[in-house]
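Participant: generate a structure from the sequence data that follows.
(one chain, ligands or ions: 1)
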Amino acid sequence: MKTLTLNHLEKVQQTKIEMIDFYDGATNDYAFWSKDLNMHFGYFIPFKNSPFARNTMLNEMNNQVLKRLNITKEKSNLIDLGCGVGGTMRYALKKHNNLTAFGVTLSSFQVFK
Ligand SMILES: C[S@@+](CC[C@H](N)C(=O)[O-])C[C@H]1O[C@@H](n2cnc3c(N)ncnc32)[C@H](O)[C@@H]1O
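Facilitator: Just a heads-up that it's a prediction; the model follows:
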């Protein structure tokens, strides 16, 4: 059997390439999953929302994130590290017009989506 040993930096680079490929490929699937471009699975609160109305759970996750940020009325910057197509940032911008949002993603496909 032939084996190939990658040094650590090559492995890191290879993993990065695989992740970018994954997110480039999976992004359109998520667009089918969530019309608001959320790339998470939502937040379930019994008797408040329902897995059968997925959008209610997806938006509740965004609500929960924003609630924990304690956003004031002052001008503020929001940075989303691992933003996907920006579902959570878009939601935040609709709720708070004093925000400027910046997103970081590995996938340039997501940036231009
Ligand atoms: C499952 S998606 C979630 C997107 C978004 N937070 C949401 O909930 O809709 C994960 C995101 O993290 C990004 N990501 C993963 N590892 C990263 C890294 N090391 N640097 C920058 N972005 C990264 C991916 O490109 C992708 O956009």
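Participant: what parts of this structure come near the ligand?
Facilitator: 19, 23, 38-40, 82-84, 87-88, 104-107, 110 (CB under 6 Å from any ligand atom). For the C-beta atoms, the positions are set from N, CA and C on the backbone; glycine is no exception.
Participant: ok, 8 Å please
Facilitator: 16, 19-20, 23, 26, 30, 34, 37-40, 61, 80-88, 104-107, 110 (CB under 8 Å from any ligand atom).
Participant: what subset of the residues you listed is buried?
Facilitator: Among those, those buried by neighbour count (16 or more other CB atoms under 10 Å) are 20, 23, 26, 30, 34, 37-40, 61, 80, 83-88, 105-107, 110.
Participant: would you agree L106 is in contact with M19?
Facilitator: Yes: contact criterion CB atoms under 8 Å: L106 and M19 qualify, at 5.8 Å.
Participant: the residues of the chain next to the ligand in strands, which ones?
Facilitator: D80, L81, V104 (DSSP state E).
Participant: now the residues you listed in CSV, with pLDDT?
Facilitator: Compiled in CSV, these are given as follows (pLDDT from 0 to 100):
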residue, pLDDT
D80, 97
L81, 97
V104, 97
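Participant: low pLDDT regions in this protein?
Facilitator: Scanning the chain for pLDDT under 70 picks out nothing.
Participant: quick one: the helix of greatest length in it to chain centroid distance?
Facilitator: The longest helix of the chain (DSSP state H) is helix 8-33. Helix 8-33 sits 13 Å away from the centroid of its parent chain (CA atoms, centre = their mean, to the nearest Å).
Participant: can you give me the buried ones in that helix?
Facilitator: By 16+ other CB under 10 Å, the buried positions in helix 8-33 come out as I20, Y23, A26, T27, Y30, A31.
Participant: on that earlier part again, looking at the ones in strands among the residues of the chain next to the ligand, which is nearest the ligand?
Facilitator: Nearest to the ligand, judged by CB to the nearest ligand atom, of these is V104 at 5.0 Å.
Participant: alright, calling it a day.
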